[in-house]
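1. How does the following fold in three dimensions:
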Amino acid sequence: MTSPAVRSGAHTPKTALVVGASGIAGSAIVDLLAADGTWTVLALSRKPSPGSPARHIAADLLSPDSLSLALRDEKPTHVFFTAWARQDTEQENIRVNVEMLRNLLGALDHAPVEHVALMTGLKHYLGPFESYGAGPVPDTPFREDEPRLPAPNFYYAQEDELWAAAERQGYRWSVHRAHTVIGHAVGNAMNMGLTLAAQATLCKELGRPFVFPGSEMQWNGITDMTDSDLLAEHMLWAATTEEAGNQAYNVVNGDVFRWRWMWPKLAAYFGVKAEGFVGSPRPLEEQMGGMGHEWSTIAAARGLAEADLARVASWWHTDADLGRNIEVLADMSKSRLAGFDGYRRTEDCFIRLFDRYRGEKIIP
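-> The predicted model follows:
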């Protein structure tokens, strides 16, 4: 596929600042921009990612002074914001995550910023974790013009902050609402791909079936997902296509599937016995809780690169996704009509991801 930068005619050298560059989405954006060859890529995160092609900038998003010092000599033309910090309540999510975005944009007052792309997600339509799907939810597939839900949501607050800053500072913006992003990262708080790989690995080593943890609705219903490489292409497309700016977009792979179809395919990859929904959900936090010692033993025996299960699996997040009792999928018509033609088959995304984790000795 021709890169979005080439399709849009963006041959002039640009400087991208990727915020949250060590995460699933951020690292994919860094890799895409670096491979394009026309970008100077700056990666802002607390710690550098080993082997990253970007120049690392260390800063604390909650410290305006830290950001001002780190960014005072930088002149990014494009900003890709993928960072977030999970808090105990949605009010705290709003306070902390809006502050991070506000601090970052404020520290770039001096820079020639042309576009800011903000990653959010389908909790825009479902509500926050503490009231996930509990109130009125739009009909599926979710469309971008749905009104906001009558509940606090840090995605809404971030959008408002972005719009105000764009109006004040004079740049374009885009919002990218992804659904269950799978991609390459270790130590990420929301990583279904690596979480399911860890579950399957433990099941194989312990001689246990690979048990679907979620609800009957998720087992039988139709859903979709977002590959991190596709998300990176989508954010770059919106950032470099002038007509695509100042819009919010859903971004999913383009295919739909049922977990009752997908689960046996994942099981076959790992050589474990698939077991589907039976009676009630069987959350991973119950199935896999307390498996840290077993994982470290496997890591030592198989020479794995990460012995800390907490940096590999995010049981809680996968339980939240697969435990939903409502259908969740998003409409991509707005992006298609605006010119974005990216597509992924989710089964292939899982297999490529598992192959990469195996190649890097994250899983055996």
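
2. can we go C-alpha only for contacts and neighbour counts from here?
-> Will do.

3. residue ranges for the strands of the chain, please.
-> According to DSSP state E, the chain carries its strands in the segments 14-19, 39-45, 55-58, 78-81, 115-121, 172-178, 181-182, 210-211, 222-223, 226-227, 247-251, 257-258, 274-275.

4. which phi and psi does residue 241 have?
-> phi -120, psi 110 (degrees, to the nearest 10).

5. How confident was the prediction at residue 3?
-> The score at residue 3 is 44. That number is its pLDDT.

6. for the strands of the chain, which one sits closest to residue 143?
-> Comparing the strands of the chain against residue 143 with C-alpha to C-alpha, the closest turns out to be strand 247-251 (7.4 Å).

7. mean confidence for that closest one?
-> For strand 247-251, mean pLDDT is 98.

8. which residues touch that strand?
-> Identification of contacts with strand 247-251 by C-alpha atoms under 8 Å, 6 or more residues apart in numbering yields 143-144, 173-179, 226, 231, 234, 330-332, 334-335.

9. change it to 6 Å
-> Residues outside strand 247-251 that contact it (C-alpha atoms under 6 Å, 6 or more residues apart in numbering): 174, 175, 176, 177, 178, 332.

10. of the strands of the chain, which approaches residue 317 most closely?
-> Residue 317 sits nearest to strand 181-182 of all those, at 11.4 Å, using C-alpha to C-alpha.

11. same for the closest one, what does it pack against?
-> strand 226-227 (3 or more C-alpha pairs under 6 Å, 6 or more residues apart in numbering; DSSP states H and E).

12. Show the low-confidence segments of this protein, by residue range.
-> The chain contains residues with pLDDT under 70 at 1-12, 132-134.

13. Of the strands of the chain, which is nearest residue 341?
-> Nearest to residue 341, of the strands of the chain and by C-alpha to C-alpha, is strand 247-251 at 11.1 Å.

14. Okay, helices next: where are they in the stretch 101-250 of the chain?
-> 123-126, 154-169, 192-206, 216-220, 228-240 (DSSP state H, counting those that start in this stretch).

15. Would you mind finding the most buried of those?
-> Compared across those, helix 228-240 shows the largest average neighbour count, a mean of 24 (mean count of other C-alpha atoms under 10 Å).

16. Compute the inter-axis angle for that one and strand 247-251.
-> 160 degrees (axes from the mean of the first three to the mean of the last three C-alpha atoms, to 10 degrees).

17. So which other helices or strands are in contact with helix 228-240?
-> Right, helix 228-240 is packed against helix 24-36 by 3+ C-alpha pairs under 6 Å, 6+ apart.

18. hang on, the earlier thing: nearest to residue 49, out of the helices of the stretch 101-250 of the chain?
-> Proximity to residue 49 (C-alpha to C-alpha) singles out helix 228-240 among the helices of the stretch 101-250 of the chain, at 16.6 Å.

19. and for the closest one, what are the contacting residues?
-> 4, 25, 28, 29, 115, 181, 182, 183, 244, 245.

20. rewinding a little: let's have the helices of the stretch 101-250 of the chain in CSV, adding distance to residue 69.
-> Output for the helices of the stretch 101-250 of the chain, formatted as CSV (distance: least, C-alpha to C-alpha, whole Å):
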stretch, distance to residue 69
helix 123-126, 33
helix 154-169, 20
helix 192-206, 35
helix 216-220, 47
helix 228-240, 26
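
21. Tell me which of those lies nearest to residue 298.
-> helix 192-206 (7.8 Å).

22. Using CSV, list the CA coordinates for the closest one.
-> Below are the C-alpha coordinates for helix 192-206, written out as CSV (Å, rounded to 0.1, in the frame of the first residue of the first chain):
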residue,chain,number,x,y,z
MET,A,192,-5.5,-7.6,24.3
GLY,A,193,-3.1,-9.2,21.8
LEU,A,194,-0.3,-9.9,24.2
THR,A,195,-2.8,-10.7,27.0
LEU,A,196,-4.4,-13.5,25.0
ALA,A,197,-0.9,-14.7,23.9
ALA,A,198,0.0,-14.9,27.6
GLN,A,199,-3.2,-16.7,28.5
ALA,A,200,-2.6,-19.2,25.7
THR,A,201,1.0,-19.7,26.7
LEU,A,202,0.1,-20.4,30.3
CYS,A,203,-2.7,-22.8,29.3
LYS,A,204,-0.4,-24.8,27.0
GLU,A,205,2.4,-25.0,29.7
LEU,A,206,-0.1,-26.0,32.4
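
23. Now do it: everything it contacts.
-> Against helix 192-206 from outside (C-alpha under 6 Å, 6+ apart): 182, 272, 313, 314, 318.

24. between the residues you listed, which is nearest residue 86?
-> After measuring the contacts of helix 192-206 against residue 86 - C-alpha to C-alpha - the closest member comes out as residue 314, at 12.6 Å.

25. show me the contacts for that closest one.
-> Residue 314 touches 189, 195, counting by C-alpha under 6 Å, 6+ apart.

26. before we move on, what about residue 324?
-> Counting by C-alpha under 6 Å, 6+ apart, there are no residues that residue 324 touches.

27. And for residue 154?
-> By C-alpha under 6 Å, 6+ apart, the neighbours of residue 154 are 93, 94.
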